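Trainee: everything below, folded, please.
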Amino acid sequence: MPVKIRLQRHGKKGKPFYWVVAADSRAKRDGRYLEKLGTYNPNTNPATVDIKVDRAVDWLQNGAQPTDTARNLLSETGALLKSHLVSGIRKGAHSEEDVETKFAAWVSEKASRQDVAKDKVAKAKADEKAKALAAEKEINEKRKADAEAAIAAAEAEVAAAEAQAQAEAAAAEAEAPAEEAQAEEAQAEEAQAEEAPAEDAPAEKETPAEEETPAAEAEATDDKDSAEATE
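Mentor: Next up is the predicted model:
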């Protein structure tokens, strides 16, 4: 029975999570499997790979063929290296102790490289967070400065309006006495014009009622003579 070491998909939509399984090559991808060898989570940074190295080596020694992705994961965890070293034992190239020593040294070196990678990722995240905080702080300071400038402009407008109102009030107070003086002067002139004596005008000659003109006297004499002639 040909055996494949491959990935079996699990997880949510958009967030896949994989099992590394040994399965019959004729079975469906997500169908029955012979043994679960580990997990692979690509959603973390860096990706998380957890493989049972010894069980994977056993399957590899028994002829199981990994898919390309599974081969990369087995190489990442050292399963392929250990399988190669175990094959060397059968050929007499080295002993089991040498295999364990070399594999432990490789795991230690791999852990160091992973720590460096994790530190690099953590530093990148910290730098990104610091930049985001700095940008947010700059935006907040700009908003604060704009608000203070708006408040200062409003206060300046209010102060200018108050100063203008005070100036207008002072000008009105200064003009009021002059207007009152002009009004009093005009009233005084009107009063003087009304109180001017009528004697200033030329007096009209009065004709005595008792005085009679010579013509009137002549008429009176004629009337008297006519009356006497008639008698």
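Trainee: so for residue 38, what pLDDT did the model give?
Mentor: The model reports residue 38 with a pLDDT of 95.
Trainee: can I see the domain layout of this structure?
Mentor: 3-94, 107-168 (automatic domain parsing).
Trainee: so of these, which one's packed in deepest?
Mentor: The highest mean neighbour count among the domains of the chain, using mean count of other CB atoms under 10 Å, belongs to domain 3-94: a mean of 16. The way it works is simple: take the backbone N, C-alpha and C, and place the C-beta from them, glycine included.
Trainee: for the domains of the chain, which one sits closest to residue 175?
Mentor: Minimum separation from residue 175 across the domains of the chain (CB to CB) falls at domain 107-168, 10.5 Å.
Trainee: doesn't residue 30 lie inside a strand?
Mentor: No. Read with DSSP: H, G, I helix; E, B strand; the rest coil, residue 30 is coil and lies in no strand.
Trainee: and it, how far from residue 74?
Mentor: Note on residue 30: its distance to residue 74, by CB to CB, to the nearest Å, is 20 Å.
Trainee: with residue 48 instead?
Mentor: 15 Å.
Trainee: show me where this structure has its strands.
Mentor: 3-12, 15-24, 35-41, 48-51, 65-66 (DSSP state E).
Trainee: make a markdown table from these and add distance to residue 137 to it.
Mentor: Formatted as a markdown table, the strands of the chain follow (distance: least, CB to CB, whole Å):
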| stretch | distance to residue 137 |
| --- | --- |
| strand 3-12 | 36 |
| strand 15-24 | 33 |
| strand 35-41 | 35 |
| strand 48-51 | 34 |
| strand 65-66 | 51 |
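Trainee: residue 118: which of these is closest?
Mentor: Here strand 48-51 is closest among the strands of the chain (CB to CB), at 11.4 Å.
Trainee: direction included, what does that closest one pair up with?
Mentor: strand 35-41 (antiparallel) (DSSP bridges).
Trainee: ok, residues contacting the partner strand?
Mentor: Strand 35-41 has contacts (CB atoms under 8 Å, 6 or more residues apart in numbering) with 5, 7, 17-22, 47-52, 55-56, 59, 73, 77.
Trainee: give the other helices and strands that the helix ranked longest in the chain contacts.
Mentor: When the chain is parsed with DSSP state H, its longest helix is helix 96-194. Secondary-structure packing of helix 96-194 (3 or more CB pairs under 8 Å, 6 or more residues apart in numbering; DSSP states H and E): helix 79-91.
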